[in-house]
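A.B. asks: Fold the following.
(6 chains, ligands or ions: 5)
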Amino acid sequence: MSIWDYANPKKFIATTTPLVPWFFGLAGVSLVVGLIWGFFFTPDDFRQGSTVKIIYLHVPSALMAINAWLMMLVASLIWLIRRHHVSALAAKAAAPVGIAMTLIALFTGAIWGEPMWGTWWAWDPRLTSFLILFLFYLGYVALWQAISDPDTAADLTSILCMVGSVFALLSRYAVNFWNQGLHQGASLSLDKEENVADVFYQPLLLCIAGFVLLFLALVLLRTRTEIGRRRIRALEMRARRQEVRA
Amino acid sequence: MMPDLGDYAGAVLSAYAVSIVLLAAIVVLSVVQARSVRRRLDDVEDRDNG
Amino acid sequence: MTLRVRDLSVARGGWTVLEGLSFDVAPGTALILRGPNGIGKTTLLRTLAGLQPPVSGEIEGAGDDVAYASHSDGIKDALTVEESLAFWARVYGQDVPADIYDAFDLGDLRHRMAGTLSSGQKRRLGLARLGVVGRRILLLDEPTISLDRQSVNLFADFLRDRHLGQGGSAVIATHIELGLDAPVLELAPFAAQAGAAGGSDEAFL
Amino acid sequence: MTLRVRDLSVARGGWTVLEGLSFDVAPGTALILRGPNGIGKTTLLRTLAGLQPPVSGEIEGAGDDVAYASHSDGIKDALTVEESLAFWARVYGQDVPADIYDAFDLGDLRHRMAGTLSSGQKRRLGLARLGVVGRRILLLDEPTISLDRQSVNLFADFLRDRHLGQGGSAVIATHIELGLDAPVLELAPFAAQAGAAGGSDEAFL
Amino acid sequence: MIALIARDLRLAIRAGGGFGLGLAFFLIVIVLVPFGVGPEALQLREIAPGILWVAALLSALLSLDRIFALDYEDGSLQLLATAPLPLESVSLAKAVSHWITAGLPLVIAGPALGFLLNLAPAAYPWLILSLLIGTPALSLIGTFGAALTVGLRRGGLLLSLLVLPLYVPTLIFGAEVARRGGEGLAVQGPLLLLAGVTMGTVALMPFAAAMVLKVNLR
Amino acid sequence: MIALIARDLRLAIRAGGGFGLGLAFFLIVIVLVPFGVGPEALQLREIAPGILWVAALLSALLSLDRIFALDYEDGSLQLLATAPLPLESVSLAKAVSHWITAGLPLVIAGPALGFLLNLAPAAYPWLILSLLIGTPALSLIGTFGAALTVGLRRGGLLLSLLVLPLYVPTLIFGAEVARRGGEGLAVQGPLLLLAGVTMGTVALMPFAAAMVLKVNLR
Ligand code: HEM
Ligand SMILES: Nc1ncnc2c1ncn2[C@@H]1O[C@H](COP(=O)(O)OP(=O)(O)OP(=O)(O)O)[C@@H](O)[C@H]1O
Ligand SMILES: Nc1ncnc2c1ncn2[C@@H]1O[C@H](COP(=O)(O)OP(=O)(O)OP(=O)(O)O)[C@@H](O)[C@H]1O
Ligand SMILES: [Mg+2]
Ligand SMILES: [Mg+2]
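C.D. replies: Residues are numbered from 1 along each chain as shown, chains lettered A, B, ... in the order given. Ligands and ions are numbered 1, 2, ... in the order given. Predicted coordinates for the structure are as follows:
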């Protein structure tokens, strides 16, 4: 059996339905533990004071905001190349989750920026490309909604997703291209010297895991919803058509 | 119980509040949509078979 | 080259509308498509023109040999008759044949803006375009709409003498009698069964 | 009321196209306008509808009793069939007759967006509008364009039984045979002389 | 007339980019200005009322040519002209639906966008009020301009050029109300003038538009 | 392809408000800003490069939906799609004619209008240069957006929403070049980035637009 068999809607639903509650459960546990750990049981940073606690929300959400788009990119490419419907619908399902992540990262970043940089917004390359990514998310969702034919919608949004990926990658790597921005560089790199201190590191990892699991759970659930919508549409079409013929 | 957040209490708390609200919103939205689609699909399938 | 269609199904708006179509159109011959409104004539012609993919089945010999004329003529109100034809000829890398104006009785209208033509005159211009593109297979969707009897005859003459007579072929959807000696394909028997899903709905049924 | 036209001249684009027209259309009767493309049928109908002033001559009995249907149907792609008819009925202060959908075979299409109709289905919708406006005199410009034979008959039945039969009247420009028992007015003899200037050019000749 | 407004609103919501397009444009202008000008908060605050009003005006201008053009092209306007509805009502209905789709959203969104430009807190009520009073004039004047240019070549260009001078008083008084409001000065003068302009257009424009439509449909 | 460009230019000049409309809009924005913001010379000077670029962007945005919409509605686009010209060339031709009718006039008029906003003298050459390099990107990106939304409901709104994020880098770098030029700072950095963006769009957009057109014509 090849992996592409899961691209069959029925097979996909059958396989993922039992998984979703597990994902939700695990996500909930790691988020609750990670956030409580981070919020209550980590010390303040000597420079940033208590604001360092925002890191447990900001970094995972920013990470997932970008990863969500990259996941949509992969799904879109699979749709364009192999025309598996589930793949296109998974991309569609991920977008609103990505929007939520982006919003969280924007808000927490802005709130964090006020004490750290003295301004809640700056036109620094990473922030700018991240904002553009947010606009792309909105455009992507709007484009899906504007097109009534599902295949056309999938094709067009896939191409839009490819174009938008430029900004997803920029908002991740812009810091490396320009060394002039205000925003932090990589703080989770493997290079020990640059890493955040261990006290912050462990709960942060747990929170990241929580966000990843939550994202997966939501995407699976929403993909199922999208498959359901599509099936309703197909059945209604067939019913209406049979009426007309009769 | 509550850790001392110092000068930045407002910032930290509002960051947590906003994030939790947004996370809850997307979860609730997804679940509600899943339920309603499930229900509509059952309807349509019933009609389709019946 | 012969246009060869085998077991073709075509869909519109997510439904298969016609299925199991097979026919050949040899050079020098025409095929008339008949069928009630909404049966799928336009959809079939669009598929043959390559504007939309077929649901299933094969089309051979169309590709780059076809010219498609739809309900809407693509006429720009602000170009003169002459400019319109010259434009399409250039797009197709052809010259405008000097006698095309006579063939469609457009001589007097040559320098008129298309926006000031009557509906029948506009249609004649739309049809004259087919005479400048130099394509072998014409796909015509109700070409004689709003033409008077005499213009219909002009067009039939053009098709018979200048196009089919020189080895071209044509597929024509029309509700009226063109006066062409060509086989008629009645589409009603090929209307898709109620159960047939359009292309991609199938995966979800 | 009888539509009475006396010695009418009409102009288009600054030229008089038809002159010296006189005819009557009594309630319960129709008049068919015939003439080659570009003779001025559309221009005449527009003048009768009050959209443009005549160059000279008189029109009596038209005014607020007419409904005009032009080449373009004024159909909005984003409204459903039902919404379109309801809108026009409201504008004319009428109700939508329940049987209008059957009269034009639109029953199945009631909730379809007009943008997804085939050309013939769209035209049927455009014609159905005439059934909801409650006007006595219909001015129809090539009403049967892109209709199949059966729909043409439906429309002829509508005209004969529901409109003319109830005391309405109609002026119809068409190139095809409608199967109505109505007098035909051939417009060719009324084509304006080369010397005739259009309305305002006269002052400068 | 209500039927026509209802239809136009429905069409605007369903298609053609009517609803929200103006709003999106408004938003875009407001978002772009800091991109272009730079985000210095104080500088933004000073230019905020002016930019907001200019953006409102532009977004109203943007959708004017749709007021009649679509109906003209598909023949609806001809049919409406032969319908029992007088053309004055048609024009007024068109102006109303233009205002609902293009003007009202600006009034509602104005404050939110003022925030982006760091508008002075005291200016908010005056901004809303000036938009509320001023935007109907924009729609009415625009309807007249659209009627004047329907079916013309180079219609869009002409339309902006014709309508623009008529828009200037509304712009000046509107921005003045918001600015003075923000600085705590008396706003009565420009406010009355703004209201006067709107009254005048309500009284005149539908008739002028109807006259002009009749000619253009010939 | 040249035939298509020639036809589009002819059409733009003869009808449809193509030519000059963008320019008029540009002018209008620039003229309105002092009305709205007030005429203090120094303040105007500071915001001038940003406003000029925002105005250029808006006026490019304004005419985007005409790029394909008219050809789509009257059936020309279908005919072009079945013509021997590849859709990539069609898209490129459309972008070129959009640039000639909407972009080039801005480059030429930019300096004159900079005068109205009291632009710093040193900024003029850089303004022109940045417009010259930047506006082709606006046309190319816009062509992609127009192809994406042709024939869609709510096309116009979506179009702005989709195109806007892609315009932002051009706007930022373009305005930055003009501003730095005016203040006598080094412009090389943003200028290179601006050129890079334009290069990238030239290389990518016609293909993306063609792909998308093919889908939309189905
Ligand atoms: C509105 C303001 C902000 C936005 C839009 C923003 C956005 C982002 C983005 C896009 C990332 C990259 C995520 C990834 O590559 O996966 C990120 C990471 C990060 N941000 Fe922010 N941020 C903002 C403000 C701040 C502030 C004020 C701070 C702290 C002073 C901060 C600290 C961090 C840290 C430590 C990381 C992880 C760095 C890495 O691993 O690359 N951010 N942020
Ligand atoms: N966009 C669409 N969405 C859904 N259904 C559509 C769409 N376009 C067309 N249809 C339907 O597809 C069917 C085939 O349409 P098509 O235009 O091919 O018919 P046709 O044979 O050309 O009819 P006509 O003689 O009226 O031109 C029709 O029943 C029509 O209602
Ligand atoms: N805007 C215009 N400017 C100049 N001439 C025009 C204009 N519109 C139409 N004409 C000319 O006026 C004449 C009458 O046109 P009209 O549309 O009335 O013809 P018709 O009888 O309806 O023809 P058809 O059968 O083709 O519809 C035609 O010769 C046409 O070329
Ligand atoms: Mg058809
Ligand atoms: Mg006519």
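A.B. asks: Relative to F:V187, how far out is the residue in chain C positioned nearest to ligand 2?
C.D. replies: Distance from ligand 2 to each residue of chain C (CB to the nearest ligand atom) is smallest for C:G13, at 2.1 Å. Bear in mind the C-beta positions are built from the backbone N, C-alpha and C, glycine included. As defined by CB to CB, to the nearest Å, C:G13 lies at a distance of 53 Å from F:V187.
A.B. asks: These two: which is more packed in?
C.D. replies: F:V187 (23 against 14; other CB atoms under 10 Å in any protein chain shown).
A.B. asks: isn't that one right next to F:V177, touching?
C.D. replies: Yes. Judged on CB atoms under 8 Å, F:V187 makes contact with F:V177 at a distance of 5.0 Å.
A.B. asks: shared neighbours, these two?
C.D. replies: Residues within reach of F:V187 and of F:V177 at once, by CB atoms under 8 Å, 6 or more residues apart in numbering or on different chains, are F:W126.
A.B. asks: any weak-confidence spans in chain E?
C.D. replies: Counting by pLDDT under 70, chain E contains low-confidence ranges at E:15-21, E:38-41, E:153-157.
A.B. asks: go with 50
C.D. replies: Applying pLDDT under 50 to chain E flags residues E:16-17.
A.B. asks: Strands of that one, start to end?
C.D. replies: Taking DSSP state E as the criterion, chain E carries no strands.
A.B. asks: just the helices in it please.
C.D. replies: Ranges of helices within chain E are E:2-14, E:21-37, E:41-62, E:66-73, E:76-81, E:87-98, E:104-116, E:124-149, E:155-183, E:188-217, based on DSSP state H.
A.B. asks: chain center to the fourth one: distance?
C.D. replies: The gap between where helix E:66-73 is centred and where its chain is centred comes out at 17 Å by CA atoms, centre = their mean, to the nearest Å.
A.B. asks: Quick check: the residue of chain B nearest ligand 3.
C.D. replies: Counting by CB to the nearest ligand atom, chain B gets nearest to ligand 3 through B:V44 (48.0 Å).
A.B. asks: Is chain C within reach of the host helix or strand of that residue?
C.D. replies: In the assignment (DSSP states H and E), B:V44 maps to helix B:9-49. No. Using CB under 8 Å from any CB of the partner chain, helix B:9-49 never reaches chain C; the gap is at least 9.2 Å.
A.B. asks: what's that helix packed up against?
C.D. replies: Secondary-structure packing of helix B:9-49 (3 or more CB pairs under 8 Å, 6 or more residues apart in numbering or on different chains; DSSP states H and E): helix A:19-41, helix A:55-82, helix A:85-117, helix A:198-245.
A.B. asks: Run the chain-centre distance for it.
C.D. replies: Counting by CA atoms, centre = their mean, helix B:9-49 comes out at 5 Å from the chain centroid.
A.B. asks: repeat for stretch A:84-92
C.D. replies: Using CA atoms, centre = their mean, the offset of stretch A:84-92 from its chain centre is 15 Å.
A.B. asks: Same check on stretch A:149-159?
C.D. replies: The answer for stretch A:149-159 is 20 Å, by CA atoms, centre = their mean.
A.B. asks: With stretch C:42-58 instead?
C.D. replies: 13 Å.
A.B. asks: right, is it up against chain A?
C.D. replies: No. Using CB under 8 Å from any CB, stretch C:42-58 stays clear of chain A, coming no nearer than 10.0 Å.
A.B. asks: Span of that stretch from start to end?
C.D. replies: 18 Å (CA to CA, to the nearest Å).
A.B. asks: Report the central residue of the chain.
C.D. replies: Going with chain A. Closest to where the C-alpha atoms of chain A average out (CA atoms, centre = their mean) is A:A68, at 2.9 Å.
A.B. asks: let's do chain C instead
C.D. replies: Nearest residue to the geometric centre of chain C (CA atoms, centre = their mean): C:L140, 1.5 Å.
A.B. asks: Could you measure from that one over to C:A86?
C.D. replies: For C:L140, the distance to C:A86 equals 22 Å [CB to CB].
A.B. asks: go on, E:L44?
C.D. replies: 54 Å.
A.B. asks: Kindly report the same for E:L213.
C.D. replies: Distance from E:L213 to C:A86, by CB to CB: 36 Å.
A.B. asks: Mind checking which of those two has more residues around it?
C.D. replies: When E:L213 and C:A86 are compared on other CB under 10 Å, the one with more neighbours turns out to be E:L213, at 26 against 18.
A.B. asks: Find the residue closest to the more buried one in space, skipping its chain neighbours.
C.D. replies: When the adjacent residues along the chain are set aside, E:L213 lies closest to E:A147, with 4.6 Å between them (CB to CB, 6 or more residues apart in numbering or on different chains).
A.B. asks: Tell me the residues on chain C that lie near ligand 4, please.
C.D. replies: Selection of chain C residues close to ligand 4 by CB under 5 Å from the ion yields C:T42.
A.B. asks: now do 6 Å
C.D. replies: Contact residues (CB under 6 Å from the ion) of chain C with ligand 4: C:41-42, C:141.
A.B. asks: quick one: which of these is nearest ligand 5?
C.D. replies: C:D141 (20.0 Å; CB to the ion).
A.B. asks: And that closest one, its phi and psi?
C.D. replies: Per-residue torsions, C:D141: phi -100, psi 110 (degrees, to the nearest 10).
A.B. asks: swap in the one 10 residues further on?
C.D. replies: Main-chain dihedrals, C:S151, degrees, to the nearest 10: phi -70, psi -30.
A.B. asks: what's the neighbour count on residue 99?
C.D. replies: Assuming you mean chain A. 19.
A.B. asks: hmm, I had chain C in mind actually
C.D. replies: Neighbours of C:D99 (other CB under 10 Å): 10.
A.B. asks: And it, how far from C:R162?
C.D. replies: 9 Å.
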